[in-house]
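Colleague: Structure, please.
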Amino acid sequence: MAQNISEQLVQTLVEAGIKRIYAVTGDSLNEVNDAVRRNSAMKWVHVRHEETGAFAAGAEAQLTGLSCCAGSSGPGHVHLINGLYDAHRSGSPVLAIASTCATKEFGSNFFQETNTLKLFDDCSGYNQIAATPEQLPRMLQAGIQHAVSKKEVAVIGLPGDLTSMEAVEIPTATQPYLAHPLIRPSDQELSELAKLLNSHQKITIFCGIGAKDAHNEIKELSRLLKATVGYSFRGKMSVQFDNPNEVGMTGLLGLPSAFHSMHESDLVLLLGTDFPYTQFIPGKIKIVQVDRKPENLGRRAKLNLGLCGDIKETLILLLPLLREKTDDSFLKAQLSLYDRVKKKLQTYVEDHGKQDAIHPEYVAATIDKLAQEDAIFTVDTGMCCVWGARYIRATGKRMMLGSFNHGSMANAMPQSIGAAFACPGRQVVALCGDGGLSMLLGDLATIVQYKLPVKLILFNNRSLGMVKLEMEVAGLPDNETDMYNPDFELVAKAMGMKAVTVKNPDGVEQAIKQAFDHEGPVLVNIFTDPNALAMPPKIEIEMIKGYALSMSKLILGGKMEEVLDMVKSNYKHLGELL
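Modeller: Residues are numbered from 1 along each chain as shown. A predicted model of the protein is given here:
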């Protein structure tokens, strides 16, 4: 039976393993929507906002390897962009279908006309628009292959008049070839790396998301070298667990132990990380980097050696070339410091806070304690990232998703939608900020509509907490960071979702346990301390000056009570500041 272009598109997606399209239907997408309706292997997920659809698709792609979202001409395109930026910067293989006005209207300033080639150029690696039935299958195949092989966003522009045209046979392949080649350094480069590692005593291995498949090899490498193992936020879940030599994260949300270990080393080995914060990377020691993408080599630090290769394959070849070290004094010293850091992290877990000011550290630790061994966590950008980074432990089966590269607000809830669709048998827990959840609040209805059993734990601190802290350490009194919030419990219930509000620390554990035991979606609205601080691993003197200056400005502005609340809430951090 003859196919039209929309049917051909949907069938190609099915053959590539895509099971759903996240989109808001309308106008130029209607034929595609109807083709999905008639194909039992494909589902249309009706989100309330295209940005939600793009975030959900990005999350699914990180979990399964490929996903799809769509937006119709004009506003639908623009709404996709933030979520596609996040997916592209996260290395998530996402195919975005951008339907447009009819081809005859191109360049006429037609209603809702947008130039997809210009619009999506900076948030995609492949970006084309089909103008004939012959072009669509070829571009679609190329787009899928780009997305998978290069781990990027691919955008296919699809004019509305094309969607109902009859599909035609083309002389080139239409099926995607999803190749996964192994990449490795040369023997000479491996020999040079082994020589460096064998000749240095104090070594820190720092791992990113690119090392996620090499847990056992990293563990063995650290054992042989008596090296510490640090990691980025994205590397945490695949590196931290069952690793006796790990010393935590570094970076803006990291811990003093990892920062200290890297700066006390003779050599730092960067594995599969494009860690962006150069101020946390030591500048006067030897640094070696291994990455699958050669364009990443040396753009964050000056290297003594840069190798291109898959981390697991590279380490399998490297390990036989290494000599086991006997001096473990450096390793023991760094692990001792890490033990002290972990004890300090428990300070706010043990002190639960008070009425309307529950310590967020305690909330995060409770989530960690009660969540399943293979739970998928999504964390909103800002303070929720801090609590997730420091208190949600890796098990080897858990995963954590966030807007770690793009740093967008409002990502946790929509990413939980994608995670729940992608992994229906697993617990999905979203650590949401009140600022983030407010942005895309309408898609609570999407969660209810599709009966997704996600657990939304709302850290309701009535403020833009991270921005507030940024202003204070810059010496600025926080301004316009307070949030006027609705009653989130009532909002969630109005959407048809089970919800509960917790204002007293004594109710936290029971509320989270009941939420996790409930079969459907739940929102737990927890009033956390708006003055809770997240101290970075290295306290600069300028930060201390800035913080003191901001407090002085608040006092002079007549806000003495707010200053006292801040001090009372963070008295246990004073040792880090002074």
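Colleague: which residues does the residue most central in space within the chain contact?
Modeller: In the chain, the C-alpha nearest the mean C-alpha coordinate belongs to G402, at 2.4 Å (C-alpha atoms, centre = their mean). Going by C-beta atoms under 8 Å, 6 or more residues apart in numbering, G402 touches 233, 378-381, 385, 388, 411-412, 415. Heads up, the C-betas are built off the backbone N, CA and C, glycines and all.
Colleague: From N127, how far off is L444?
Modeller: 32 Å (C-beta to C-beta, to the nearest Å).
Colleague: that older thread, among the contacts of G402, name the buried ones.
Modeller: By neighbour count, with 16 or more other C-beta atoms under 10 Å, the contacts of G402 hold 233, 378-381, 385, 388, 411-412, 415 as buried.
Colleague: Out of those, list just those in helices.
Modeller: 385, 388, 412, 415 (DSSP state H).
Colleague: which one among those gets closest to E350?
Modeller: G388 (19.4 Å; C-beta to C-beta).
Colleague: can you pull up the bridge partners for the closest residue to that closest one other than its chain neighbours?
Modeller: Spatial nearest neighbour of G388, chain neighbours left out: V379 (3.9 Å); criterion: C-beta to C-beta, 6 or more residues apart in numbering. V379 has these beta-bridge partners by DSSP bridges: G402, L431.
Colleague: Give me the pLDDT value at V379.
Modeller: Per-residue pLDDT puts V379 at 98.
Colleague: Just list the residues touching it, thanks.
Modeller: V379 neighbours (C-beta under 8 Å, 6+ apart): 385, 387-389, 400-402, 412, 430-431.
Colleague: Turn these into TSV, including pLDDT and distance to N115.
Modeller: Output for those, formatted as TSV (pLDDT from 0 to 100; distance: C-beta to C-beta, whole Å):
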residue	pLDDT	distance to N115
C385	91	35
W387	92	42
G388	95	38
A389	92	39
M400	98	37
L401	98	31
G402	97	31
A412	98	32
A430	98	35
L431	98	38
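Colleague: right, and the secondary structure at I287 would be what?
Modeller: The three-state assignment at I287 reads strand, by DSSP: H, G, I helix; E, B strand; the rest coil.
Colleague: rewinding a little: please convert the contacts of V379 to CSV, extending it with distance to F259.
Modeller: Formatted as CSV, the contacts of V379 follow (distance: C-beta to C-beta, whole Å):
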residue, distance to F259
C385, 17
W387, 19
G388, 19
A389, 14
M400, 21
L401, 25
G402, 21
A412, 26
A430, 29
L431, 24
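Colleague: Out of these, which comes closest to A16?
Modeller: For the contacts of V379, the minimum distance to A16 (C-beta to C-beta) is 21.9 Å, reached by L401.
Colleague: just for this protein, where's the confidence low?
Modeller: 1-2, 466, 469-474, 533-578 (pLDDT under 70).
Colleague: Check the offset of stretch 114-123 from the chain's centre.
Modeller: Chain-centre distance of stretch 114-123: 23 Å, with C-alpha atoms, centre = their mean, to the nearest Å.
Colleague: measure it end to end?
Modeller: 16 Å (C-alpha to C-alpha, to the nearest Å).
Colleague: and that stretch, which residues are buried?
Modeller: 114, 116, 119-120, 123.
Colleague: ok, residues contacting that stretch?
Modeller: 73-74, 77-78, 81, 84-85, 88, 96, 98, 100, 127-129, 153, 155, 157.
Colleague: how many other residues sit next to K284?
Modeller: Other residues lying near K284 total 6 when counted by other C-beta atoms under 10 Å.
Colleague: give me the element it is part of.
Modeller: K284 is part of no helix or strand when elements are defined by DSSP states H and E.
Colleague: returning to that earlier point: out of the contacts of stretch 114-123, which sit inside helices?
Modeller: Reading helices off the contacts of stretch 114-123 with DSSP H, I get 77-78, 81, 84-85, 88.
Colleague: What is the nearest of these to L193?
Modeller: For the ones in helices among the contacts of stretch 114-123, the nearest to L193 is H88 (30.7 Å; C-beta to C-beta).
Colleague: show me the contacts for that closest one.
Modeller: So H88 contacts 94, 123-125, 152-153 (C-beta under 8 Å, 6+ apart).
Colleague: mind checking how far it is from P414?
Modeller: Counting by C-beta to C-beta - H88 and P414 are separated by 16 Å.
Colleague: Could you do G76 as well?
Modeller: 16 Å.
Colleague: Ok, G254 next?
Modeller: Counting by C-beta to C-beta - G254 and P414 are separated by 26 Å.
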